[in-house]
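> got a predicted structure plus its sequence, pasted below:
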Amino acid sequence: MKGTKSLAYLQIHTAVFLFGFTAILGKLIVFEQLALVWHRLWISVLGLLFIPGVVKGLKSFSRKSILRFTGIGVLVSIHWVTFYGCIKIADSSSIALACLATSTLFVSFLEPLITKSKFQSVEVILGVLVIIGLLMVLNVGSAYYTAILVGLISAFFAALFSVLNKKYLADHNTLSVSIIELFSGWIFLSLIIPIYEGGKNLKQYSLFRNDLVSEHAVFGLHLHSLIYLLILGLLCTSLAYALSLTSLKVLSAFTTNLAINIEPVYGILMAAIIFHENKDLNIWFYLGTGIILLSVLIHPYLVRITDKLVKARILRES
C-alpha cells in the first residue's frame, strides 16, 4: 500500500508539472479560449486513441457510468474555457494560475457534500491558508477584477469535477474515463460554439486562417501555435489527465487538488522567465506563494496528526 501511495504521489506531481505548462501555452497560442480548448480536446482524444486498451476498456462501462462521465467532461471543458478566458482577459498567466489555487477551498466544502464523507476542519483551515496566499499574490488593481472572477469560476469547476471523479471513478479504467470526458467536452463545445458565435466567425476555429499574418504562418497555418497545441493536447492533457485520474484512485480529491496548488507556482515561475511577468510581482507575491507551498507541504502531516488524535480519543472512550 505504501508503494502504491508513493506511485500515486509521483503520478500526481508529474501531472501537476505538465499542467504547469498549460497557462504558458495558452498565452502563446494565438486562438481565443473557446477555439483553444476545442482544439486541445480533439487533439488529446486523438492521442488517447493510440493507447492500447483504451477503447476496449469502454465495453465494461454501463450506460449510467458513461452518462456520468459525459457530464463530468462538460464540467472539465467549462473549467478550461474559463481558465483560458481568465488568461486572455488579464493577459497574464500568473493571475489565472493564482486563482486556480482556490480550488482547494471549494473542494473542502464540496467533497463532504458530494461524497458524504466526514467534514474535515483541517482541510478548511488549509483552504483558508490558500485563500490568504492568493490574496497576497493578487495584490493587483481593479483592472484585473473581471479576470479574477472568471478565474474563481474556473477554480470552482476544477474542484467540482475532481470531487465527482473521486466519487465515481472506483474500478473504472482511468484512460477510458479520460477519453469519455475529453470527447464529451469536445462534443459539448462543438454544439455550443455555433450558438455562441451565432453562425458567424466560425473560420477562426480553423487551424488555417487567412487573418493570421505572421512570420510563423504558412498558408494561414500558425506553425508555432500548432506545435504548442500538440504539446498542450498530447503531453499536458492526454498524459497529464490520465496520470491525475490514476492517482485519484488512491489519493483523496482534496489531496490531489492541494498538490495541484503547486501548478500556480510552476506556471508563475515559468511566466516570469518567459514573459517577464515578474515585473508585476512584489514581496506579497513571494509571501503568497510561500503560504500556498506551505499548505501543500504540511497537509499530510496535519492529516496524520488528526488521525492519531481521533484514534486516541476512540480508544479512551472505549
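Nice, thanks for sending it over. The model shown is predicted, which means the values in this text are computed figures rather than measured ones.

> residue 139 belongs to a helix?
No: secondary structure of residue 139 (DSSP: H, G, I helix; E, B strand; the rest coil): coil, not part of a helix.

> what is the burial count for it?
Residue 139: 14 surrounding residues under other Cβ atoms under 10 Å. No exception for glycine: its C-beta is placed from N, CA and C like everyone else's.

> three-state assignment of the closest residue to it other than its chain neighbours?
Distance criterion Cβ to Cβ, 6 or more residues apart in numbering; nearest residue to residue 139, sequence neighbours excluded, is residue 284 at 4.2 Å. The assignment at residue 284 comes out as helix when based on three-state DSSP.

> what sits against residue 284?
136-137, 139 (Cβ atoms under 8 Å, 6 or more residues apart in numbering).

> and it, what's its pLDDT?
If you check residue 284, the pLDDT there is 79.

> checking residue 65 next. Helix, strand or coil?
Following three-state DSSP, residue 65 is assigned to helix.

> dump the residue contacts of it.
By Cβ under 8 Å, 6+ apart, the residues touching residue 65 are 168, 172.

> surely residue 240 meets residue 19?
Yes: Residue 240 is within contact range of residue 19, at 5.4 Å (criterion: Cβ atoms under 8 Å).

> I'd say residue 131 and residue 106 touch.
No: at 10.4 Å, residue 131 and residue 106 do not qualify as touching, with contact defined as Cβ under 8 Å.

> compare these two (neighbour count), which wins?
When neighbours are counted by other Cβ under 10 Å, residue 131 and residue 106 differ, and residue 106 comes out ahead with 20 against 17.

> was I right about that one contacting residue 162?
No: at 9.2 Å, residue 106 and residue 162 do not qualify as touching, with contact defined as Cβ under 8 Å.

> so what pLDDT did the nearest residue to residue 244 once chain neighbours are set aside get?
Distances taken as Cβ to Cβ, 6+ apart place residue 15 nearest to residue 244, at 4.2 Å, with adjacent residues excluded. pLDDT, residue 15: 88.

> residue 15 and residue 315: what is the separation?
38 Å (Cβ to Cβ, to the nearest Å).

> more neighbours, the two?
Between residue 15 and residue 315, counting by other Cβ under 10 Å, residue 15 is the more crowded of the two (24 against 8).

> host element of that one?
Using DSSP states H and E, residue 15 sits in helix 2-19.

> just to revisit the earlier point, show me what contacts the residue nearest to residue 244?
Residues near residue 15 by Cβ under 8 Å, 6+ apart: 239-241, 243-244, 247.

> from these, which one has the minimum pLDDT?
residue 241 (78).

> nearest spatial neighbour of it, skipping sequence neighbours?
Excluding the flanking residues, the one nearest residue 241 by Cβ to Cβ, 6+ apart is residue 178, at 5.2 Å.

> is it true that residue 291 touches residue 128?
No: look at residue 291 against residue 128 with Cβ under 8 Å: they stay out of range, at 10.3 Å.

> which of those two has more neighbours?
residue 291 (20 against 14).

> for that one, what are its contacts?
Listed by Cβ under 8 Å, 6+ apart, the contact set of residue 291 reads 129-130, 132-133, 136.

> what of residue 241?
15, 44, 178, 181-182.

> closest to residue 194 among these?
The closest of the contacts of residue 241 to residue 194 turns out to be residue 182 (Cβ to Cβ; 20.3 Å).

> tell me the pLDDT of that closest one.
pLDDT, residue 182: 93.

> before we move on, what about residue 39?
At residue 39, the model reports a pLDDT of 91.

> please name the nearest non-neighbouring residue to residue 75.
Nearest residue to residue 75, sequence neighbours excluded (Cβ to Cβ, 6+ apart): residue 161, at 4.2 Å.
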